[in-house]
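Colleague: Here's my sequence, what's the structure:
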Amino acid sequence: MIGAVLVVYNPDIALTERLLTRLYGQTGEVVIVDNSPKTNDFKKVIEHYHYIHFPENKGIAAAHNAGLIFLLQAGCEYALLLDQDSLIPTNMVFELESLFEASKKVQQSIVAIGPRIKCTFSEKNVRPRIQHDIFEYKDLVGVTQIIASGMMIDLSALDQIGLKDESLFIDGVDHEWCWRARDMGFDIAKAKNVEMVHRLGDSRSKFVGVTYKVGAPIRLYYQFRNILLLSRRPYVPTYWKARCLFFMPMRLFLNSVMQKNRRKRLGFMLKGIFDGIIGRKGSYESHWK
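Modeller: Okay, the predicted model is just below:
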């Protein structure tokens, strides 16, 4: 059996209901983990689902873990992770499961498969500039990491790999799990012929002809802090460490000079750098009140 974990936070109800309409009937179980302060009801489009509410917002990693644990206890073999910014095709679950089953027949050690991502802003497929394909087998391409939304996980591997790292709270959680899995000898893959629409960031800005993502100011705290935290871990790819550390000064400049709420953004970034240097983990609120 396959289950789905949908994580939401102050969701756009119409967009979330559209996603749930696409998801309906594709999985045997649906878990909605809600990090919003107030509860949300989705019974208009889906009648049977398990609802977990974290009004204090425990972060994406804790939300994933709560859903994954529920699906394990329900006897699911695979789990599909989703968030409110995605729209899946009506056959995606079947396609990803079929690729998993095919990979097992040839004894490939794949533990997570994701679709190709089409960005809602550019309306183009997202292609990594530095990350290279590791292997290619029929309809699968081996990669270093994939994003959480759209990721189907073989739940049997969690005993060895472990759950998501809740100390990171949000940014880098998906990639860290993939890198940890690969360090243990497992593979991560993308499906060549499965595409999912997803919104990356809240908006886009340009500087000297280069387009870059713009998100909520508080996300800068987690992004800057987690870059410094993850850069200390030996299994994190060197190219990722070098790229992120190299562009940190530019991101600091762009967000503190070129964006709205400049002072607020600068404060979050500086606090993230400070906490990253001294090794603080967990939520922003647990350290800065």
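
Colleague: what's the nearest residue to residue 21 if we skip its chain neighbours?
Modeller: Nearest residue to residue 21 in three dimensions, chain neighbours excluded: residue 45, at 5.2 Å (C-beta to C-beta, 6 or more residues apart in numbering). In this view, the C-beta of every residue, glycine as well, is placed from N, C-alpha and C.

Colleague: I meant to write residue 272 there.
Modeller: residue 224 (3.4 Å).

Colleague: Wasn't that neighbour part of a helix?
Modeller: Yes. Assignment of residue 224 by DSSP: H, G, I helix; E, B strand; the rest coil places it within a helix.

Colleague: Quick one: the strands in the stretch 51-200 of the chain, in order.
Modeller: 78-83, 86-87, 110-119, 135-137, 140-143, 152-154, 187-198 (DSSP state E, counting those that start in this stretch).

Colleague: Of all the ones you listed, which one is nearest residue 217?
Modeller: Judged by C-beta to C-beta, the one of the strands of the stretch 51-200 of the chain that comes nearest to residue 217 is strand 78-83, at 19.5 Å.

Colleague: Give me the contact list for that closest one.
Modeller: 2-8, 19, 23, 27, 60, 64, 67-68, 71, 88, 92-93, 96-97, 100, 148-155 (C-beta atoms under 8 Å, 6 or more residues apart in numbering).

Colleague: before we move on, the earlier item: from residue 17, how far off is the residue nearest to residue 21?
Modeller: Distance of residue 45 to residue 17, computed by C-beta to C-beta, to the nearest Å: 5 Å.

Colleague: Show the residue spans covered by the helices in the stretch 1-150 of the chain.
Modeller: 13-23, 59-73, 92-105 (DSSP state H, counting those that start in this stretch).

Colleague: ok, and which of the ones you listed has the densest surroundings?
Modeller: Most buried of the helices of the stretch 1-150 of the chain, by mean neighbour count (mean count of other C-beta atoms under 10 Å): helix 59-73, with a mean of 22.

Colleague: Could you give the average pLDDT over it?
Modeller: Averaged across helix 59-73, pLDDT comes to 98.

Colleague: name the helices or strands packed onto that helix?
Modeller: Counting contacts by 3 or more C-beta pairs under 8 Å, 6 or more residues apart in numbering; DSSP states H and E, helix 59-73 is packed against strand 2-8, strand 29-34, strand 50-53, strand 78-83, helix 173-183.

Colleague: so where's the stretch 51-200 of the chain shaky on pLDDT?
Modeller: 121-124, 126-131 (pLDDT under 70).

Colleague: hang on, the earlier thing: quick one: the residue nearest to residue 21 and residue 24 touch, right?
Modeller: Yes. Counting by C-beta atoms under 8 Å, residue 45 touches residue 24, with 7.0 Å between them.

Colleague: coming back round to it: how many other residues sit next to the residue nearest to residue 272?
Modeller: Residues lying near residue 224 (other C-beta atoms under 10 Å) number 25.

Colleague: show me what contacts it?
Modeller: So residue 224 contacts 248, 251, 252, 268, 269, 272, 273, 276 (C-beta under 8 Å, 6+ apart).

Colleague: State the helix or strand in which the second one lies.
Modeller: Element membership for residue 251 (DSSP states H and E) is helix 238-253.

Colleague: report the angle between the axes of that helix and helix 173-183?
Modeller: 160 degrees (axes from the mean of the first three to the mean of the last three C-alpha atoms, to 10 degrees).

Colleague: Quick one: list the elements packing against helix 238-253.
Modeller: helix 217-230, helix 262-278.

Colleague: got the contact list for the last one?
Modeller: Right, the one you point to is helix 262-278. Contacts of helix 262-278 (C-beta under 8 Å, 6+ apart): 217-218, 220-229, 251-252, 255-256, 259, 284, 287-288.

Colleague: same thing but at 10 Å, please
Modeller: Here helix 262-278 makes contact (C-beta atoms under 10 Å, 6 or more residues apart in numbering) with 171, 214-232, 248, 251-252, 254-259, 261, 280-282, 284, 287-288.
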